[in-house]
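K.L.:
here's a sequence, model it:
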Amino acid sequence: MPTHVNAEAHGDERGALIAFVEAQRGGVRRSVLGLSDEQATSRPSASELTLAGLVKHVAEVELNWLRLAQQKPNERQRTEETWGDGFRLVEGETLAGVLAFWDEVAAETEAFIRSVPSLDDTFPLPEAPWFPKGSVSMRWLMLHLVEETARHAGHADIIRESLDGRTAFELVAQESGQSWG
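P.N.:
Residues are numbered from 1 along each chain as shown. The predicted model follows:
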């Protein structure tokens, strides 16, 4: 992990969980630093994944988990037929637009988590082979977002390095206006 999460204020578990999710979001966001839409949608490896597609996917996945926790319908719910569109930019979409959408989702996630009475509060999950049975807590949700986003941040690191040789450490330095190496 090329960055470390600052220590939370004593007893601020919500703040700590939000900070860890945000640190992983930063890893994905940095992977597209300085890239054009064309570069971000290119496939430099055998994988079907692109950097723009990963950004879109993690944004939509976070929205889906947020809507599950809020027990509201997901306005961007994917079906089996549209599943692949969640991993690529479609007509009219831009990397900047997807990043802006993700910023909105992230702000809504933080506001929601800060507003729930307890991280022990639960919400039900739909029946699916990939979901745990029953309900999960808000704490579980935040830990899962760390897990999900970190998994894709690792994918993004590999794709970016395959694209132009830039590593996560170089991108952290670039983002902060410093040089690496």
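K.L.:
under the pLDDT cut-off, which ranges of this protein? List them.
P.N.:
Residue ranges of the chain with pLDDT under 70: 1-2, 7-9, 181.
K.L.:
spell out the residue ranges of the strands in it.
P.N.:
Under the criterion DSSP state E, strands of the chain are mapped to 122-124, 135-137.
K.L.:
by contact count, what packs against the last one?
P.N.:
In this structure, strand 135-137 makes packing contacts with strand 122-124, judged by 3 or more Cβ pairs under 8 Å, 6 or more residues apart in numbering; DSSP states H and E. Every C-beta, even on glycine, is put in place using the N, C-alpha and C of the backbone.
K.L.:
what sits up against the strand it packs on?
P.N.:
The set of residues that contact strand 122-124 without belonging to it, under Cβ atoms under 8 Å, 6 or more residues apart in numbering, is 68-71, 134-138, 141.
K.L.:
these: which two are farthest apart?
P.N.:
Among these, the pair separated by the greatest distance (Cβ to Cβ) is Gln70 and Gly134, at 17.9 Å.
K.L.:
neighbour-wise, which of those two wins?
P.N.:
Gln70 (14 against 9; other Cβ atoms under 10 Å).
K.L.:
thinking again about what came up before, with distance to Asp157 added, can I get the contacts of strand 122-124 in TSV?
P.N.:
Compiled in TSV, the contacts of strand 122-124 are given as follows (distance: Cβ to Cβ, whole Å):
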residue	distance to Asp157
Leu68	28
Ala69	28
Gln70	31
Gln71	34
Gly134	34
Ser135	34
Val136	28
Ser137	30
Met138	29
Leu141	25
